[in-house]
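A.B. asks: here is my input, please return the structure:
(one chain, ligands or ions: 1)
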Amino acid sequence: MSQLLVRGGRPLDGEVTIQGAKNSVLPILAATVLTGDQVVLRGCPRLRDVDTSIRILRSLGCQAEWEGDALAVDTAALNCCAISDILMREMRSSAIFLGAILARLGQADISYPGGCELGPRPIDLHLSGLRDLGTDIREEGGVLHCTAPHLTGRELVLSLPSVGATENLMLAACGAEGTTVISNAAREPEIVDLQEFLKACGADVAGAGSSSVTIRGGRPLHGCEFRCMPDRIVAATYLCACAAAGGGVYLRNARERHLATVADALRKAGCTVTSDGGGIACRCRRRLRAARPVRTAPYPGFPTDAQAVLMAALLKSRGTTVFEENVFANRYRHVDEMTRMGADIRVAGRVAVVTGVERLSGAAVRCTDLRGGAALCVAALSADGESRIFETSHIDRGYEDIAGDLRALGADAVRVDNE
Ligand code: EPZ
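C.D. replies: Here you go, the predicted structure:
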């Protein structure tokens with residue numbers, strides 16, 4: 001079990017390179033199954049969820065080896081269509097393997113996926129889309145037995161723009177005869193990255209980034225080398241770290257076009273955020289103002305994944321900021337922990353009202369989920385004294401080395417691994 005020790009009160013001053021995006025690399029690792037060939041993913045982040053994907057690939061008979069910061073995956077020898085319940089429960093993205101395995105083998109056995117507890121996270125949209133493409137799904141003893149001897153392309157209309165369902169259906173549609181159009185598709189940058197990966201493997205996919213994605217299926221796919229996009233939520237975390245602690249940071253590789261709503265909220269709160277071709281700079285010289293209401297929404301709206309870190313940055317702002325969480329039912333689990341540091345936050349249903357306080361004090365706090373955990377690190381930077389952050393395994397799902405990155409940015413943060 002490890003802890004993070006963060007001593008607050010020191011303005012930031014430094015640079016860091018933003019890691020590859022977890023939420024891009026996970027569906028791409030599932031997509032490698034489609035190729036039956038070798039794929040090299042450059043700049044692949046070393047994360048717990050990536051390790052889980054590697055274990056899933058190996059359990060299916062594939063090879064996956066690190067070569068420096070590149071992950072080489074060879075799915076030629078895939079010989080199994082079932083993922084164990086233990087691996088399924090490790091993370092939400094295990095479900096994305098379903099579309100890929102069905103497209104490659106015509107059958108798959110999986111159970112329901114795990115992941116951060118943010119409220120109910122069903123996969124009904126994934127399953128109904130796969131049924132519409134011609135998959136027979138039988139549930140028995142918690143296992144979904146899926147068979148699809150002939151996937152057939154057609155129009156699929158999602159009732160909400162689910163990121164995971166869009167990805168799963170894109171992968172299944174690559175193995176379907178004919179054309180699939182996914183309407184009301186998620187528009188997140190990670191969907192565009194998945195499309196670019198599939199195109200690099202020879203697939204005919206267009207429209208990602210808009211609400212309509214078209215896949216002309218049935219083409220043989222081949223391996224490729226690919227570099228996935230920088231992680232926009234890690235970048236948002238470090239922008240918020242600067243906003244919380246004050247000072248100036250430069251985030252190499254971060255792309256402002258992926259972070260427009262976050263940068264905008266920080267500017268309104270009094271930070272200077274600028275970008276050049278190579279990254280984003282942030283400077284914060286004085287106490288922040290409260291922000292306008294922050295309403296999370298599917299992309300291009302304000303990302304739910306950045307809600308907790310922005311909240312952490314505003315805990316000492318002048319005035320009151322209203323947050324409205326519209327994507328997940330239970331994404332304020334970090335609030336009780338922030339309250340231990342002296343934050344003034346009232347939650348009622350989807351709404352959290354943050355009233356800025358003069359000072360926060362370091363405390364012993366517990367990570368409740370990935371982004372909530374990162375937000376505690378951000379809050380600790382603006383607290384007096386030392387904070388001890390426990391249950392950091394949540395953070396390891398999505399940040400390669402949050403303490404190292406924060407140190408590179410000038411913070412006093414260390415990870416302590418207990419026996
Ligand atoms: C992805 O999760 C991300 N995970 C999440 O990131 C992110 O918070 C989320 O998209 C929203 O942006 C990955 O990419 C691996 P959804 P996903 O399907 O695909 C409901 C992080 O911190 N829904 O768009 O699970 C669902 O319950 C994580 O990095 C259904 O009702 O998100 C939720 O309320 C956490 N039925 C909403 O849609 C379905 O079949 C959005 O979920 C699918 C989803």
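A.B. asks: pull the number of nearby residues for the residue in the chain positioned nearest to the ligand.
C.D. replies: Residue nearest to the ligand within the chain: G164 (2.8 Å; C-beta to the nearest ligand atom). Yep, even glycine has a C-beta here, placed from its N, CA and C like the rest. Applying other C-beta atoms under 10 Å, we find 22 residues neighbouring G164.
A.B. asks: in a helix, it, correct?
C.D. replies: Yes - with DSSP: H, G, I helix; E, B strand; the rest coil as the criterion, G164 is part of a helix.
A.B. asks: for it, report the pLDDT, please.
C.D. replies: For G164, the pLDDT comes out at 97.
A.B. asks: residues of the stretch 151-300 of the chain that sit close to the ligand?
C.D. replies: Proximity of the stretch 151-300 of the chain to the ligand (C-beta under 6 Å from any ligand atom) is limited to residues 160, 162-165, 186.
A.B. asks: using JSON lines, lay out the residues you listed together with distance to R252.
C.D. replies: Shown next, in JSON lines, are these (distance: C-beta to C-beta, whole Å):
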{"residue": "L160", "distance to R252": "35"}
{"residue": "S162", "distance to R252": "32"}
{"residue": "V163", "distance to R252": "26"}
{"residue": "G164", "distance to R252": "29"}
{"residue": "A165", "distance to R252": "33"}
{"residue": "A186", "distance to R252": "27"}
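A.B. asks: ok, and the most crowded of the residues you listed?
C.D. replies: Counting neighbours by other C-beta under 10 Å, A165 leads those with 28 neighbours.
A.B. asks: ranges for the helices of the stretch 251-400 of the chain?
C.D. replies: Listed in chain order, the helices of the stretch 251-400 of the chain (DSSP state H, counting those that start in this stretch) span 260-268, 307-313, 335-340, 370-381, 393-396.
A.B. asks: just put those helices in JSON lines and tack on distance to R154 and mean pLDDT.
C.D. replies: Formatted as JSON lines, those follow (distance: least, C-beta to C-beta, whole Å; pLDDT from 0 to 100):
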{"stretch": "helix 260-268", "distance to R154": "34", "mean pLDDT": "97"}
{"stretch": "helix 307-313", "distance to R154": "36", "mean pLDDT": "98"}
{"stretch": "helix 335-340", "distance to R154": "44", "mean pLDDT": "98"}
{"stretch": "helix 370-381", "distance to R154": "35", "mean pLDDT": "98"}
{"stretch": "helix 393-396", "distance to R154": "39", "mean pLDDT": "94"}
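A.B. asks: make a markdown table out of the ones you listed and add mean neighbour count and distance to S111.
C.D. replies: Formatted as a markdown table, the helices of the stretch 251-400 of the chain follow (neighbours: other C-beta atoms under 10 Å; distance: least, C-beta to C-beta, whole Å):
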| stretch | mean neighbour count | distance to S111 |
| --- | --- | --- |
| helix 260-268 | 19 | 35 |
| helix 307-313 | 29 | 29 |
| helix 335-340 | 20 | 31 |
| helix 370-381 | 30 | 22 |
| helix 393-396 | 20 | 22 |
